[in-house]
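Enquirer: just need the structure, nothing else, for what follows:
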Amino acid sequence: MSAPDPSTPPLAPWQRLPRRTLAIALSVLPIVALANVAVLVWSLEGIDLAGRLVAPGLLPVAAGVAFVPMLTNALRIALWSRFFGLGLGLRGGLKVVTGTMIANSITPSTAGGVPIKVLFLIGEGVPARKAASLISFQAAEDAAVLASLVALCLGFSGFQLADFLARQPGLLARIEADLALAGGLGLGVLALLVQLGGALAAGLLGERLRAGAAGLLARIRSFGGHVLRDWVGVIRRGKGIALANLAIALAQWMARFAIAGIVLAAFGQDWHPALYWLLQYLVQAISSVVPTPGGAGGAEAGFLLLFAPFVAGSVLVAAMSTWRLIFFYLPLAGASLVFFLLQRAERRRAGVSSHLAAAPHPAE
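Expert: This next block holds a predicted model:
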């Protein structure tokens, strides 16, 4: 084993975090996947699957659609990278997206995937300020596309949801209570932060903490200024790339939440594309606040709760397990394979480069 290159600075602990998380994720994933397969087998016990699957050919279609979000997300990163001259490319975008997917699978959903994606961008050589700009562009695109799709689906299927909620006054009351609780907690946290900021500014917590907070605020302002300049650059000369990324984001989110409808159609249920897209979006929103790795438990419970009024009970659990496998575990397995192949190719290229650099050159 060769000694480390003294000219290469050691990685900081936060820079090593993605590698550690990936190592844990790749060890835990097979166990979690097997558990989900066990749930699927249990749910299908005593059920004639061939008889329940009215259109089994739709399952490969759902499996193909499940990989669209991963590929389109990587393409969006590659396009923004090209616009800013970062040299990430589609290969680098795929590595960031697949690495983020793997790491997210074992971290609590409430933590969000943005910090992990930022770390992977930095790990691929993207400056931290440019990484923040890329994330902010994607967040704006996602917000615009999702708001438009939710409004469209509500326009087509809102009456069905309204009718369901009217017949479930208890559920509506619980939703209102949960929203009120979440709003109260948010306001409480905001008030606490305001009081903490006031105490720091007044020096009540000591001059050392005050100076540290002032330095941190100055760095945040400088950081935000760089991101703002990137936005101005996009407005001036990047309208075309922004529109292209919006179109790709539209395809990404339409495909991501269309999988449940395709799976249910395979089980012989009437296909309501707008309603099922909206329901799967709500399931994802529920699972994102569940403090378990990958939203485990929350996604399954949310599916059973929201789809039960519109799906036959005889196929609900089987359809839920099939959906979970196709929606989550199948793309995750593909992401693990792609990430492994990209890592191996990168190590191979690095080894060839080191060998060529170390080879003796003939004297002139």
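Enquirer: how about residues contacting stretch 133-152?
Expert: The contact list for stretch 133-152 (CB atoms under 8 Å, 6 or more residues apart in numbering) reads 76-77, 80-81, 84, 114, 117-118, 121, 126, 226-227, 230-231, 234, 242, 245-246, 249-250, 252-254, 274, 277-278, 281. Bear in mind the C-beta positions are built from the backbone N, C-alpha and C, glycine included.
Enquirer: what segments of the stretch 51-200 of the chain are strands?
Expert: Using DSSP state E, counting those that start in this stretch, the stretch 51-200 of the chain contains no strands.
Enquirer: shaky segments in it?
Expert: Applying pLDDT under 70 to the stretch 51-200 of the chain picks out residues 51, 107-112, 164-172, 174-175, 178-179.
Enquirer: mind running it again at 80?
Expert: Within the stretch 51-200 of the chain, the segments meeting pLDDT under 80 span 51-53, 103-113, 158-182, 186, 193, 196-200.
Enquirer: which of the contacts of stretch 133-152 are buried, as a PyMOL select command?
Expert: Typed into PyMOL, the line below selects the buried ones among these, using 16 or more other CB atoms under 10 Å:
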select buried, resi 76+77+80+81+84+117+118+121+126+227+230+234+242+245+246+249+250+252+253+254+274+277+278+281
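Enquirer: sort out for me which of the contacts of stretch 133-152 are in helices.
Expert: 76-77, 80-81, 114, 117-118, 121, 226-227, 230-231, 234, 242, 245-246, 249-250, 252-254, 274, 277-278, 281 (DSSP state H).
Enquirer: and for residue 218, the neighbour number?
Expert: 10 (other CB atoms under 10 Å).
Enquirer: typo on my end, it should be residue 276
Expert: That count, for residue 276 with other CB under 10 Å as the rule, works out to 27.
Enquirer: surely it meets residue 270?
Expert: No. Using CB atoms under 8 Å as the test, residue 276 is too far from residue 270 to be in contact (9.8 Å).
Enquirer: all helices of the stretch 101-250 of the chain, in order?
Expert: Using DSSP state H, counting those that start in this stretch, the helices of the stretch 101-250 of the chain run over 114-123, 128-166, 169-202, 207-237, 239-256.
Enquirer: let me see the contact set for the residue positioned nearest the centre of the chain.
Expert: Geometric centre of the chain, nearest residue: residue 113, 5.5 Å, by CA atoms, centre = their mean. Residue 113 is in contact with 100, 103, 104, counting by CB under 8 Å, 6+ apart.
Enquirer: mind running it again at 6 Å?
Expert: 100, 104 (CB atoms under 6 Å, 6 or more residues apart in numbering).
Enquirer: repeat for the one 5 residues further on
Expert: With contact taken as CB under 6 Å, 6+ apart, residue 118 is in contact with residue 131.
Enquirer: tell me where the model's unsure across the stretch 201-350 of the chain.
Expert: Those would be 201-219, 223, 288-298, 349-350, if you go by pLDDT under 80 across the stretch 201-350 of the chain.
Enquirer: change it to 70
Expert: 292-294.
Enquirer: which parts of the strand or helix carrying residue 321 are buried?
Expert: Element membership for residue 321, per DSSP states H and E: helix 313-324. Buried residues in helix 313-324, counting neighbours by 16+ other CB under 10 Å, are found at 315, 316, 317, 318, 319, 320, 321, 322, 323, 324.
Enquirer: repeat that for stretch 81-98.
Expert: Those would be 81, 83, 84, 86, 88, 92, 93, 94, 95, 96, 97, 98, for stretch 81-98 by 16+ other CB under 10 Å.
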